[in-house]
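J.: Curious how this folds, go ahead:
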Amino acid sequence: MYRKSAYVLFLAVLGLLVIGIIMLFSTSAFAHNSHGDVYFFIKRQAIWFGIGLVACTFAALIDYHFWQRTWWLWVTLALIALVLCYVPHLGMRINGSRRWVGYGQFVFQPSELAKIAALLFLAAWFSRYENAGNNWLQGFVIPLAIIGLLAVLVLGEVDLGTTALLGTTAFVVMFVAGAKLLWLGIISFAGLGALLIVATQISERMGRLSAFLHPQSTKDDAGLQQMQALIAWGSGGIDGLGLGNGRQKMLYLPYAHTDFIFPIIGEELGLRFSLLVVFLFVVIIVCGIMIALHAKDRFGLLLGCGVVSLLALQAAVNIGVTTSLLPNKGLPLPFISYGGSNLVACMFGVGLLLNIYRQGVLEPARQQNATMRVRTTPRI
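T.: Take a look at the predicted model:
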């Protein structure tokens, strides 16, 4: 099974990409900012898909130890990009959050780069200091200081969901690296408390929490998205209304082509296709874990686990939000939701997993075959 894990992973990702393009075509024509062009979001997503394909190919072909040697460069670039979010005329404020940097038609989300940079740093750091888990300074203070710097800048953008995702992924990588559970538990409770304190100071975030706790009383304002999402699920049932026949995307469900595209899948394609999406994510998680566990070194193990946890947590949060199991967090569904920066980051992560697989299986096999040929070559 392990030797076929990369191929199964590729097919699962391809399946999600195909579903994403089809559903984006079905939903984006009704988006309020489509500028009158039914193909507006399709064309932009196609451009980002091309960039993501290049990033995936590059990550799959370049030895992943390159990222171990250059982690400091990507962390620096991530910090600079996050700071640019606060620069007037470069940072873009949308819906009360300053998460984007744009110039002309080019817009991207620096927090996606920050997530990848954090993974590269943690994997490189704990592969260099293998016994850092028992050292307070190397195994706890220094890593959290750097991750905390990235997280504070993301938090300042008023992006609590990405901040929590970044911190949770760092927790997973540090746990795999051998950090003490007591330290991780203390910082987890402290981080959760800090997020709650920040959320109480922001009326919009408190509105989302209130909508989660009292959906019926907030169904016309803060709880509109999740209530309309539940209506979409109920309308679709087992078989769905048919591709293109959904009604909630017609300006009833805000952002149906981005964060809340999953309920539209349920409404138009039914429960079967919704469960297929969940199954494909499970396949990606299982294959990714198998690739990480068979990595040829510690850096590959930590990097693979980090990529898998990042994809899995983001998918789980999005599915939880769109089914009203979690408060609204504004995280896209990987490979499916509209969003170029996230698509490129996810495809780059898949490329890293494919390279870890190639380095762990194909290269040793080639070396073994070469050795066998040398041994069987007759001497003259």
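J.: how about the longest strand along the chain: buried residues?
T.: Longest strand in the chain, counting residues (DSSP state E): strand 97-103. Neighbour-count burial for strand 97-103, with 16 or more other C-beta atoms under 10 Å as criterion, is recorded at 97, 98, 99, 100, 101. All C-beta spots, glycine's among them, are computed from the backbone N, C-alpha and C.
J.: I'd say the third one and residue 82 touch.
T.: Okay, so that is residue 99. No - in this structure, residue 99 is not within contact of residue 82 by C-beta atoms under 8 Å, at 9.6 Å.
J.: and for the two, which residues touch both?
T.: Residues touching both residue 99 and residue 82 (C-beta atoms under 8 Å, 6 or more residues apart in numbering): 110, 111, 157.
J.: I'd guess the second one is in a helix, am I close?
T.: Yes - using DSSP: H, G, I helix; E, B strand; the rest coil, the secondary structure at residue 111 is a helix.
J.: rewinding a little: rank the buried residues of strand 97-103 by pLDDT and give me only the lowest.
T.: Within the buried residues of strand 97-103, pLDDT reaches its minimum at residue 97, with 71.
J.: Residues in a beta bridge with that residue, which ones?
T.: residue 94 (DSSP bridges).
J.: mind listing what it touches?
T.: 157, 158, 159, 330.
J.: try residue 76
T.: No contacts exist for residue 76 under C-beta under 8 Å, 6+ apart.
J.: try the one 5 residues further on
T.: Remark: with contacts taken as C-beta under 8 Å, 6+ apart, residue 81 is in contact with 101, 110, 113, 114.
J.: Quick check: residue 149 vs residue 155, distance?
T.: 11 Å (C-beta to C-beta, to the nearest Å).
J.: Residue 107: which element?
T.: Assigned by DSSP states H and E, residue 107 belongs to strand 106-108.
J.: Direction included, what does that strand pair against?
T.: When DSSP bridges is applied, strand 106-108 pairs with strand 97-103 (antiparallel).
J.: and the partner strand, how far from the chain's centre?
T.: What separates the centre of strand 97-103 from the centre of its chain is 18 Å, taken as C-alpha atoms, centre = their mean, to the nearest Å.
J.: rewinding a little: which of the shared contacts of residue 99 and residue 82 sits closest to residue 239?
T.: Checking those against residue 239 by C-beta to C-beta gives residue 111 as the nearest, at 37.9 Å.
J.: quick one, the helix or strand where residue 145 lies and strand 97-103 angle?
T.: Under the criterion of DSSP H and E, residue 145 resides in helix 142-156. Per axes from the mean of the first three to the mean of the last three C-alpha atoms, to 10 degrees, the angle that helix 142-156 makes with strand 97-103 is 90 degrees.
J.: mind starting the numbering at 37 from now?
T.: Fine by me, first position is 37 from now on; the one you just mentioned is helix 178-192.
J.: quick one: buried residues of the following helix or strand past helix 178-192?
T.: Following helix 178-192 in sequence order, the next helix or strand is helix 196-213 (DSSP H and E). For helix 196-213, burial by neighbour count (16+ other C-beta under 10 Å) applies to 196-210, 212-213.
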